[in-house]
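K.L.:
What would the 3D arrangement of this be:
(one chain, ligands or ions: 1)
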Amino acid sequence: MAQAEPTQDRQQDLSREISARRDDLVVLTQDLIRIPTLNPPGEFYRDICEYLGSRLKKSGFDVKLLRAVGTPGDSERHPRWNVIARREGGRPGPCVHFNSHVDVVETGAGWSFDPFGGTVSDGRIYGRGACDMKGGLAASIIAAEAFAALWPDYPGAIEISGTADEETGGYGGVAWLAEQGYFSPERVQHVIIPEPLNKDRICLGHRGVMWAQIRTHGRIAHGSMPFLGDCAVRHMGAVISEMETSLFPTLAARRTAMPVVPDGARQSTMNINSLHGGQAEPGAGFTGYPSACVPDEARMVIDRRYLIEEQADEVREEIVALLERVKADRPGFRYDFEELWQVSPTMTSADAPVVKAVERGIRAALACEPVHVVSPGTYDQKHIDRIGRLKDCIAYGPGILDLAHQPDEYVGIEDMIDSAKVMAFALDDLLHGRG
Ligand SMILES: [Zn+2]
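P.N.:
Numbers count the residues shown, from 1 in each chain. All right, here's what the predicted structure looks like:
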């Protein structure tokens, strides 16, 4: 028990230091929201990186602005800028990295606040990106600054990054930085991604994804004599019918040990993302009639989300086997299957040091039991895991996940303070090897 007292004292000091920075936290969050980093197309990345860089420079960080030249979407008009700031302590030790994406999705309709105004109302800050995830970014900066102000000679190093393009796959952001070695385990040992998962929850990882395209082929003919052609849409109808009778029930029965939230995603799922057959949709303003033709091609895009218990090969083979069953039954059925994009599921061990440290932080700062969750969709952890080969990574941050991408998105100021404390407590533990 000799260790307990000093830790408690340190946590009280950190709590006080963070609470004293409340106004700074609010202004920082507002400033970030007011830079409208919409993606697509990827606006104002350089501006937000410069803003973050100059702030962190003042707090003793070495700052690098890095453009992911040539990555998807990168252009002179919309360059993919990222910022990485690193503050060395006074002696050797591990590096703890806080990674936040700076991009936000389109605003959409239905707002009662200016989406880029950063309005404060009733203890909340409103705006696109408030919860996903500029509030989390601001909370992690305050946590790191408060910690470094109290104990500037800490062991190891603290890193904070603001990265591009998470909302469109992260290829000009974390994926590119990981390829450059910024997330190699020799350089960084622990990563916290302050995505909005609620302040008492630790997100261990995410389900996998496979996007694929299925095409069925037919033969064009005059629509008045369809028997002279072969309708690709009817062939696709047979595919959907087989999915309804065999695939969807099978997927729904496949439950996972991953603690995915919400519960409906705690199984394999598949979305039919789009379906098209026959003539192209007429352009806006066209007032004529269609011509009479039998469709010679139909195209479907599927979005299959899979579990840690499943392998990518099995997921692929399951769809191909379904198509082969339809083919065996159906004269003239021809298809092709093309995988478009695939990401494996990832889940950090519940015993990993970063999980344990954040658990203790939640207990100490919030006096409640932490909950482990897994995200139904992917986020940048995939790149840190697969490209960086860095396994000690979680998502933890303030904000309510359901508000992400919605109108009147907000983050609670008290939630940001609480999660900043949790992050600072975890930082203190990890830097001192109390993983
Ligand atoms: Zn996000």
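K.L.:
List the residues that contact the residue of the chain found nearest the ion.
P.N.:
Distances from the chain to the ion, computed as C-beta to the ion, single out residue 132 as the nearest residue at 4.1 Å. From N, CA and C alone the C-beta is placed, and that goes for glycine too. For residue 132, the residues meeting the contact criterion (C-beta atoms under 8 Å, 6 or more residues apart in numbering) are 104, 105, 195, 196, 399, 403, 404, 405, 409.
K.L.:
most neighbours, which of these?
P.N.:
Within those, neighbour counts (other C-beta atoms under 10 Å) peak at residue 409, which reaches 30 neighbours.
K.L.:
surely that residue meets residue 135?
P.N.:
No: with contact defined as C-beta atoms under 8 Å, residue 409 does not reach residue 135; the gap is 9.6 Å.
K.L.:
Quick check: phi and psi on the residue of the chain closest to the ion?
P.N.:
Reported as degrees, to the nearest 10, the phi and psi values for residue 132 are phi -120, psi 90.
K.L.:
and it, what pLDDT?
P.N.:
In this model, residue 132 is scored at 96, pLDDT.
K.L.:
Need the CA coordinates for stretch 198-218. CSV is fine.
P.N.:
Listed next in CSV are the C-alpha coordinates belonging to stretch 198-218 (Å, rounded to 0.1, in the frame of the first residue of the first chain):
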residue,chain,number,x,y,z
ASN,A,198,-18.7,7.8,-23.6
LYS,A,199,-16.4,8.6,-20.8
ASP,A,200,-16.8,5.3,-18.8
ARG,A,201,-16.2,3.0,-21.8
ILE,A,202,-13.0,1.7,-23.3
CYS,A,203,-13.2,0.7,-27.0
LEU,A,204,-10.9,-2.3,-27.6
GLY,A,205,-11.3,-2.4,-31.4
HIS,A,206,-13.7,-2.9,-34.2
ARG,A,207,-15.4,-5.5,-36.5
GLY,A,208,-14.0,-6.3,-39.9
VAL,A,209,-15.3,-5.0,-43.2
MET,A,210,-15.5,-6.5,-46.7
TRP,A,211,-16.9,-4.4,-49.5
ALA,A,212,-17.6,-6.3,-52.7
GLN,A,213,-19.4,-6.0,-56.0
ILE,A,214,-21.5,-8.7,-57.5
ARG,A,215,-22.5,-8.5,-61.2
THR,A,216,-25.0,-10.7,-63.0
HIS,A,217,-25.0,-10.8,-66.8
GLY,A,218,-27.8,-11.3,-69.3
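K.L.:
Confirm that residue 159 sits in a helix.
P.N.:
No: membership of residue 159 in a helix is not supported by DSSP: H, G, I helix; E, B strand; the rest coil, which gives strand.
K.L.:
how close does it sit to residue 431?
P.N.:
Using C-beta to C-beta, to the nearest Å, we find residue 159 at a distance of 12 Å from residue 431.
K.L.:
who touches both of those two?
P.N.:
residue 96.
K.L.:
more neighbours, these two?
P.N.:
With other C-beta under 10 Å as the criterion, residue 159 and residue 431 differ in neighbour count, and residue 431 comes out ahead with 24 against 21.
K.L.:
Leaving out sequence neighbours, find the closest residue to the more buried one.
P.N.:
In space, not counting the residues next to it along the chain, residue 431 is nearest to residue 156; the distance is 4.7 Å by C-beta to C-beta, 6 or more residues apart in numbering.
K.L.:
Then the one you found would be within a helix, right?
P.N.:
No: read with three-state DSSP, residue 156 is strand and lies in no helix.
K.L.:
Look up the pLDDT of the closest residue to residue 57 other than its chain neighbours for me, please.
P.N.:
In space, and not counting its chain neighbours, residue 57 is closest to residue 63: 5.2 Å by C-beta to C-beta, 6+ apart. Residue 63 carries a pLDDT value of 98.
K.L.:
Much appreciated, bye for now.
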